[in-house]
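**Q** Below are the sequence and a predicted model; questions follow.
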Amino acid sequence: MGVAAGSAAVYRTMDALGMLGPGAAHATTLDLPPGSGRGGRIVILGAGISGLAAAWEMSMAGWHCTVLEASGRPGGRSLTVRGGDVLTERGMRQDVCFDREEHLYANLGPARIPYHHRTVLGYCKAFGIDLEVFTNDNRAAFFHNRERFGGRPIAARRVLTDMRGYVAELLAKAVDQGALDAELTADDKERVRAMLKSFGGLDDNSGYAGSNRAGYRGTEIHAGMAAGEVGEKLDFGELLSADFWNYKLHFSHFLNQNPTLFQPVGGMDAIVRAFAERVGDLVRYDCIVEQIRRKDNGARIVYRGPDSAERTVEADYVICTIPAPVLKDIPNDFSPETRSALESLDFVEAVKVAFQAKRRFWEEDAAIYGGISWTDNDITQVWYPSNGYHRPKGVLVGAYIWSREPGRRYTAMPAPERLKAALGEGEALHPGYAGEMDCGISRAWLNVPFQKGGWPRRNPDAAAVLRRSDGPFHFAGDQVTALPGWQEGALLAAHAAAQSINRQFTGR
């Protein structure tokens, strides 16, 4: 077969016969046979990451592709802003005020790529997109709870070290008191004691008295020229009463938050630009879809162009990447099951606020280089930039909100009020915070036309319905996957839709 049809055919045949093992489902590239789509016409609705990838892969296979994008730019929810850009949401205009330097930008959509998101990383490699490490977890950053520790922010190294020490002490006491005799042999008990002593920094009596892992007393974190005095341990009751342990303490243990994470050098939109450069002539911007209809064995799309004139395009198949909150309101010929699935998808009220700082006070004052601070204020997180270290200025994310009620509160605010509120809430983490900032920008995704939300809340039943084709209609975007909110999900969905269409077309 290799001699007759080439290695690609061998790969596809081995895959079909189950000879490639479990990793085949996670292939980083899509391999449509060259020319397999010749004579076929497809319309792709939306020029986000999923739509752009589908256009690229299918055009390479010979398909005649037309991409209709409602806005004036590619990328969808992947949005990087720089000085001179303009943002609008529901009639609200924001001018991005950052200085025009290459490191002064904000990723207001996706901002990190986990190491195991091989499809995204595969495209970055194929397209020559330079990457740098995104620091997700930083022990110098802060945990803050308004009701605990006097409302003071606590360095993450202290919270993590002391919680670990207290838990190790409790388990060591349980072992010493014979509570685990049924589960452990005598040799295992000794090994567990030794492990807990090392794991939690316990003393010879299996007690936790604090650890230099949390730092030292005084203004310096490390010991310095002479042996330092270990800092006082945090109160266990206060730690338990704070919300840190709920999920914040083990945030980096979630699979998609595991290090190493990456970001494209210069902004996440490097991926968008790379796709757009390759398929730019296929995309029609400012084209708003008004009807999605069946016609014979194919489909007919009615849309309004940038001149407000109504137009029609027909195709054998359609890939819909339009977010469900928008798509469900477009008159269509979808099946009742598809319509019900679209109606059931609830999108997150995601909000980001970014500030340009006059100086990198987080580095200079607190030795924070990248990473995330947590607070129980509405802003939820503050992200410190993982680039531009020691430059005079920097852009930090002063709020990243995804919980329902905080998201709704910030979404309802005019842009100036959002900035004022985020500055006020950030004061608890960094005294004098507001005075450190030049200016800011915000994005409430619920307010953004043609988006109406950040990403879908997990809904496996609806996603499963949308993964099945509905006649000529196929669905893509992260909303049809188990990876909502991630570019990897959007790309995998594009690949799945393209493969499904190609199989139908070649099997006619």
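**A** Sure, I can see it.

**Q** ok, residues contacting the strand or helix carrying residue 167?
**A** Using DSSP states H and E, residue 167 sits within helix 156-176. Outside helix 156-176, the residues that touch it by C-beta atoms under 8 Å, 6 or more residues apart in numbering are 137-143, 180, 184, 189, 192-193, 196-197, 199-202, 206-208, 210-211, 213-215, 231, 233-234, 236, 239, 244-245, 249, 373. Quick note: C-beta positions are derived from backbone N, CA and C, even for glycine.

**Q** Can you name the next helix or strand after it?
**A** Toward the C-terminus from helix 156-176 - assigned by DSSP H and E - lies helix 186-200.

**Q** pretty sure residue 375 contacts residue 428?
**A** Yes - using C-beta atoms under 8 Å, residue 375 is in contact with residue 428, at 6.3 Å.

**Q** Residues that sit against both of these two, list them.
**A** Contacts common to residue 375 and residue 428, judged by C-beta under 8 Å, 6+ apart, are 144, 146, 153.

**Q** show me what contacts the first one?
**A** Contacts of residue 144 were listed using C-beta under 8 Å, 6+ apart, and they are 151-154, 373-377, 428-429.

**Q** Most neighbours out of those, which is it?
**A** Comparing the contacts of residue 144 by number of neighbours (other C-beta atoms under 10 Å), residue 373 comes first, having 27 neighbours.

**Q** From the centre of this structure, give me the residue that's furthest out.
**A** residue 186 (46.6 Å; C-alpha atoms, centre = their mean).

**Q** For it, give me its contacts.
**A** Residue 186 neighbours (C-beta under 8 Å, 6+ apart): none.

**Q** For it, give its distance to residue 173.
**A** Distance from residue 186 to residue 173, counting by C-beta to C-beta, to the nearest Å: 18 Å.

**Q** likewise residue 93?
**A** Residue 93 sits 61 Å away from residue 173, going by C-beta to C-beta.

**Q** Which one of these two is surrounded by more residues?
**A** residue 173 (13 against 9).

**Q** coming back round to it: tell me which of the shared contacts of residue 375 and residue 428 fall in strands.
**A** Residues of these located in strands (DSSP state E): residue 144.

**Q** Closest one to residue 55 out of the shared contacts of residue 375 and residue 428, please.
**A** Of all these, residue 55 sits closest to residue 144, with 44.4 Å by C-beta to C-beta.

**Q** Return the set of residues that bridge with that closest one.
**A** residue 375 (DSSP bridges).

**Q** before we move on, what SS does the spatially closest residue to residue 391 that is not a sequence neighbour have?
**A** Distance criterion C-beta to C-beta, 6 or more residues apart in numbering; nearest residue to residue 391, sequence neighbours excluded, is residue 103 at 6.0 Å. Three-state call for residue 103 (DSSP: H, G, I helix; E, B strand; the rest coil): coil.

**Q** what about residue 103, how many residues close to it?
**A** Using other C-beta under 10 Å, residue 103 has 17 neighbouring residues.

**Q** Roughly how far does it sit from residue 263?
**A** Distance, residue 103 to residue 263, by C-beta to C-beta: 12 Å.

**Q** okay, and the common contacts of those two?
**A** In contact with both residue 103 and residue 263: residue 387, using C-beta under 8 Å, 6+ apart.

**Q** follow-up on the earlier one: any of the contacts of helix 156-176 buried? List them.
**A** Buried members of the contacts of helix 156-176, counted by 16 or more other C-beta atoms under 10 Å: 137-143, 184, 189, 192-193, 196-197, 200-202, 206, 208, 210-211, 213-215, 231, 233-234, 236, 239, 244, 249, 373.

**Q** give me every residue that touches residue 394.
**A** Each residue near residue 394 by C-beta under 8 Å, 6+ apart is listed here: 103-104, 356-357, 360, 362-363, 384-385, 388.

**Q** Can you turn the buried part of those residues into a ChimeraX selection?
**A** The ChimeraX command for the buried members of the contacts of residue 394 (criterion: 16+ other C-beta under 10 Å) is given here:
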select :103,104,356,357,360,362,363,384,385,388
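
**Q** Just the ones of the contacts of residue 394 in strands?
**A** 356-357, 384.

**Q** got JSON lines for those, with distance to residue 499 and pLDDT too?
**A** Putting the ones in strands among the contacts of residue 394 into JSON lines (distance: C-beta to C-beta, whole Å; pLDDT from 0 to 100) gives the following:
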{"residue": "356", "distance to residue 499": "44", "pLDDT": "98"}
{"residue": "357", "distance to residue 499": "46", "pLDDT": "98"}
{"residue": "384", "distance to residue 499": "40", "pLDDT": "98"}
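
**Q** Show the contacting residues for residue 423.
**A** Neighbouring residues of residue 423 by C-beta under 8 Å, 6+ apart: 355, 398, 433-434, 437, 440.

**Q** make it 7 Å
**A** In this structure, residue 423 makes contact with 433-434, 437, judged by C-beta atoms under 7 Å, 6 or more residues apart in numbering.

**Q** what stretches of this protein score poorly on pLDDT?
**A** 1-28, 219-220, 508 (pLDDT under 70).

**Q** And it, split by domain according to the record?
**A** Domain assignment for the chain by automatic domain parsing gives 36-74+270-346+456-506, 80-140+258-267+348-447, 156-234.

**Q** nearest to residue 30, of the ones you listed?
**A** Of the domains of the chain, nearest to residue 30 by C-beta to C-beta is domain 36-74+270-346+456-506, at 4.4 Å.

**Q** Residue 391: how many residues sit nearby?
**A** Number of residues near residue 391 (other C-beta under 10 Å) recorded here: 15.

**Q** heads up, I number from 36, so please use that
**A** Will do, 36 is the new start, and the previous item becomes residue 426.

**Q** For it, give its distance to residue 347.
**A** Distance from residue 426 to residue 347, by C-beta to C-beta: 52 Å.

**Q** hang on, isn't residue 435 packed against residue 389?
**A** No - judged on C-beta atoms under 7 Å, residue 435 makes no contact with residue 389 at a distance of 9.5 Å.

**Q** In the helix or strand containing residue 141, which residues are buried?
**A** Per DSSP H and E: residue 141 is located in strand 140-142. The neighbour-count check on strand 140-142 (16+ other C-beta under 10 Å) flags 140-142 as buried.
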